[in-house]
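# no letters, just coordinates:
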C-alpha cells in the first residue's frame, strides 16, 4: 500500500472500488500546496535580487528658503504708549503701510516744539561761531597794526640814536677844542705872569689873561657837561628802543593769546553745534518711530500688544507678521551617522501633512503622491536634539512635481532622502546588522603614474 515493495499491484487492483483506499490516498491539494511553496520560494529568491533604493527617513516641518521670508515679529524701537491701530489680524499690508501709532512716555520728549527749538539752539551757536571768527580777524588786524607801529617806533628811535651819536661826536670835538683853548689860555697866563714879575708886562694884562683862562675853563666844564648829557640821551634812546620792542611784543603776544582763546572757544562751540545737530537728528529720527510700518509685503498674524493705551518698552514685540512673498523649504533633522550621506543637491521625497500618498520607499518610481526637493543647505553644528539640520528646497527639474499652493510654513512633512541602488538581499542584511547605507564612491581613482628618477650627473 505504501509502495515500498518493488512488486506493485497498482495495475491489478481498482482502488476506486474500495472506500478505504479513497480515504488514505493523498489529495490533489497537497500537490498544489507543494507547487505554491516552490513558486513562493522562487519569487522570494527573485525578490531578493531586485534593486532597492537606499534612503533616509526623517520628519520635519515646512519653512521658507530665505530667512527674511519666515514669520517674524515687529518690535518697538522706542518706549511709548499705543494710541491707535490701523490694521486687523489677517489683513495684508504693503511695505511702508502704517500698522500702529504710539506716543511718548518719557518726559524728556514731551515738548511738541522740541525739534525746532533744538535747531534754534544750533543757529545760535553757529552765530556765536561767526562772532568768534570776527574777533579773530580783528585781533589779527590789530597784530598787523601793532607790528607796523612797532616798526615805525623802532625807526624813530634809531634815528634819535643816530642823532645822539652825531651830537656826542660834535660835543667831543668841541670839548677837545675847549681843552686846547684852556691850555693856551693857561700858558699865556703863566707867561704874562712871568713877564709881569720881570716888569715887562703890566698887572692889568696879567689879570686879563687870568680872566680869559677862567673863561676857557668854565667853557671846558660846560662842554664836558654837554657831552655827558648827549651820552645820557644816547643811553636813554637805546633803553627806549628796548622798552618799545618789549612793550609791543607783549601786546602782540597778548593778542595772539586772545586769538588762541577765541579759537578754543570757537572749537568748543563747534563741538556743541555738532552735538546739537546730532541731537536734533536723533529727535527727528525718533519722531519717525512713532508710526510702526510694515518692513515688507506681509499678512498680519497676531497683535501681541492689543490694548489701546498700553505701554511698551524699547524692543518689545508688538505684532507678528508673515511675509506675503516667499519660497517654501523643508527643514529636516538627520542622525550624525547619516550626515556623511547627505550632500548638496541630493534628491529628497516628501509626504506633506494633508496630502495623501502611496509610498514604496525602496522603489521611488512606483511611489505616488510625493513631492520632490533637493538639499540646499547643511548645518555644520549639531542641534540640541542631537541631530543635524538640513534645509531642502523645491527641485528645479522640468519633470518635478510643483509643491502645493495651499502649503503653509509650519505644517509637518516626512522626508525620504534617496541614496544608492543596491540589491534587496544587501539591504536586508544591512538592516539586520545595523550598518549605515552604502555611501562609498565606487569610482576607482586613476592610477598615479610614477616618473623615473633622474639619474645623477657622473
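On my side now, so go ahead. Because the structure is a prediction, the values reported are computed rather than measured.

# what is the least confident helix or strand in the chain?
Scoring the helices and strands of the chain by mean pLDDT, DSSP states H and E places helix 19-24 at the bottom, with a mean of 62.

# what helices or strands is the next helix or strand after that helix leaning on?
Later in the chain than helix 19-24, the nearest helix or strand by DSSP states H and E is helix 28-48. Secondary-structure packing of helix 28-48 (3 or more C-beta pairs under 8 Å, 6 or more residues apart in numbering; DSSP states H and E): helix 424-433. Every C-beta, even on glycine, is put in place using the N, C-alpha and C of the backbone.

# which elements pack onto the helix it packs on?
Other helices and strands packing on helix 424-433, by 3+ C-beta pairs under 8 Å, 6+ apart, are helix 28-48, strand 51-64.

# list the buried ones in the shortest one?
What it means is strand 51-64. Buried residues in strand 51-64, counted by 16 or more other C-beta atoms under 10 Å: 52, 53, 54, 55, 56, 58, 60, 62, 63, 64.

# how about the longest one?
By neighbour count, with 16+ other C-beta under 10 Å as the criterion, helix 28-48 contains no buried position.

# just stretch 102-119 next, same as before
102, 104, 109, 114, 115, 118, 119.

# correct me if wrong: the fifth one contacts residue 283.
The reference is to residue 115. Yes - proximity of residue 115 to residue 283 meets the contact threshold set by C-beta atoms under 8 Å, at 4.9 Å.

# assign a three-state SS to residue 331, would you?
Three-state call for residue 331 (DSSP: H, G, I helix; E, B strand; the rest coil): strand.

# that one against residue 65, yeah?
No - shown here, residue 331 and residue 65 do not form a contact pair, counting by C-beta under 8 Å, at 10.3 Å.

# where do the contact lists of the two overlap?
Overlap of the contact sets of residue 331 and residue 65 (by C-beta atoms under 8 Å, 6 or more residues apart in numbering) consists of residue 391.

# coming back round to it: mind checking which of the buried residues of stretch 102-119 land in helices?
114, 115, 118, 119 (DSSP state H).

# can you redo those residues as CSV with distance to residue 172 and pLDDT?
Shown next, in CSV, are those (distance: C-beta to C-beta, whole Å; pLDDT from 0 to 100):
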residue, distance to residue 172, pLDDT
114, 85, 84
115, 85, 84
118, 80, 87
119, 79, 87
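
# quick check, residue 82 in a strand?
Yes - in this structure, residue 82 lies within a strand as judged by three-state DSSP.

# tell me the pLDDT of it.
pLDDT for residue 82: 92.

# residues near it, how many?
21 (other C-beta atoms under 10 Å).

# so it versus residue 315, what's the distance?
Computed as C-beta to C-beta, to the nearest Å, the residue 82 to residue 315 distance reads 15 Å.

# can you check residue 235 too?
Noted for residue 235: a distance of 84 Å to residue 315, by C-beta to C-beta.

# then residue 248?
66 Å.

# who has more neighbours out of these two?
Between residue 248 and residue 315, residue 248 has the larger neighbour count (other C-beta under 10 Å), namely 17 against 10.

# surely that one meets residue 148?
No - look at residue 248 against residue 148 with C-beta under 8 Å: they stay out of range, at 10.2 Å.

# for the closest residue to residue 61 other than its chain neighbours, what are its contacts?
Nearest residue to residue 61 in three dimensions, chain neighbours excluded: residue 412, at 5.7 Å (C-beta to C-beta, 6 or more residues apart in numbering). By C-beta under 8 Å, 6+ apart, residue 412 lies in contact with 59, 60, 61, 62, 352, 353.
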